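Student: I would like the atomic coordinates for the input below:
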Amino acid sequence: MSTSSRFHPDRDPLRPPPAPGLGRGFSLAMAAHVLLVVALSFGVSWRSTPVPALEAELWSAVPKAAAPKEQLPTETQPEPPKEEPKPEPPKPQQPPPEQVQAQRDAEIAIAKAKERKQKEEQAQREADEKQRKLDQLKREKDEADKKERDRKAKEEQARKDDAAKDKAEKAKQDKARKDAEAKAEAQRQENLRRIQGMAGASGGPTSTGTALKSSGPSASYAGRIKARVRPNIIYSDPGGASNPEAEVEVRSAPDGTIIARKIVKPSGLPDFDNAVLRALDKTEKFPPDTDGRVPQVMIITFRPRE
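Tutor: Here you go, the predicted model:
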């Protein structure tokens with residue numbers, strides 16, 4: 001007989017013995033469940049917020065005095081003196097509707113006048129601001145125009161200075177050119193006179209011409225011509241202080257024959273001018289000069305009284 005059979009005689013000896021440590025495991029499971037319940041309770045209470053309690057007192061719209069406390073009948077108390085009713089204050093007298101309407105109209109008129117004044121002040125402020133901006137723009141434009149005028153004036157002055165410098169330089173160059181030309185011309189004339197002198201020119205020592213012979217009439221030739229023409233002038237002098245002159249251009253052939261004549265400067269006396277032309281036609285031919293030649297073109301002056 002085994003040991004377990006001896007200690008437990010009611011157990012079936014054929015059944016296996018119970019597993020050891022069952023009570024200890026059950027105890028541990030119960031402890032774990034208790035700890036879990038405690039933790040859950042702590043978590044719920046830690047995250048919950050208590051709802052604040054609210055209290056409200058009700059007051060009546062019109063204040064009323066509280067009633068006196070109930071007095072016990074055991075003691076006799078004197079009756080309090082009765083308060084005389086206070087006279088009600090006189091109610092304010094309501095103004096008539098016309099006065100109320102007039103007052104309301106006056107208030108509306110005052111409000112409109114105030115609003116109109118505010119609008120006028122706002123409009124005046126805007127107008128002042130606009131005028132200020134316009135004045136500012138005008139000042140800026142005037143300054144810009146002044147700067148532009150100054151710039152143009154400086155440019156114009158610079159152009160004038162440049163033109164004056166160019167003109168002075170050109171005048172200097174022209175003067176130098178003319179001096180050079182005059183010097184070259186003088187040298188050319190000197191060379192020409194020297195060449196003509198060597199070729200047999202007939203001019204005097206003081207002669208300034210370039211031809212071999214003088215082509216103009218001599219000093220006495222004009223007097224000889226007028227002496228030839230004067231007797232042929234038929235004109236009755238009308239008298240008077242004036243003695244006008246008539247200039248006549250006469251063209252002649254190499255032999256002295258007059259081939260053309262015309263008045264180049266009238267005397268103002270048509271009869272005298274015609275008489276001079278008729279006298280030239282009547283003269284027909286001029287005498288030769290001292291050199292044996294007759295000038296082809298001459299300007300002869302005639303006066304009524306000579």
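Student: any idea how far Val294 lies from Val229?
Tutor: 14 Å (C-beta to C-beta, to the nearest Å). Quick note: C-beta positions are derived from backbone N, CA and C, even for glycine.
Student: cool, Asp237 as well?
Tutor: 17 Å.
Student: With neighbour numbers in mind, choose between the two.
Tutor: Neighbour count, other C-beta atoms under 10 Å: between Asp237 and Val229, Val229 has more, with 20 against 10.
Student: Next, the contact list for that one, please.
Tutor: Counting by C-beta atoms under 8 Å, 6 or more residues apart in numbering, Val229 makes contact with Val276, Ala279, Leu280, Thr283, Ile300, Phe302.
Student: Quick one: mark the members of these that sit in helices.
Tutor: Using DSSP state H, the subset of the contacts of Val229 located in helices is Val276, Ala279, Leu280, Thr283.
Student: Tell me where the stretch 151-300 of the chain has helices.
Tutor: Secondary structure of the stretch 151-300 of the chain, counting by DSSP state H, counting those that start in this stretch: helices at 221-229, 270-283.
Student: Nearest to Leu137, out of these?
Tutor: Taking C-beta to C-beta, helix 270-283 is the member of the helices of the stretch 151-300 of the chain nearest to Leu137, at 78.8 Å.
Student: got a pLDDT number for Arg125?
Tutor: Note for Arg125: predicted pLDDT of 93.
Student: Can you name every helix or strand that the helix or strand in which it is found contacts?
Tutor: According to DSSP states H and E, Arg125 maps onto helix 97-199. Packing contacts for helix 97-199, counted by 3 or more C-beta pairs under 8 Å, 6 or more residues apart in numbering; DSSP states H and E, involve no helix or strand.
Student: Other residues contacting stretch 279-287?
Tutor: By C-beta under 8 Å, 6+ apart, the list of residues contacting stretch 279-287 reads 224-225, 228-230, 232-234, 248, 250, 252, 255-258, 261, 294.
Student: Cool, thanks, signing off.
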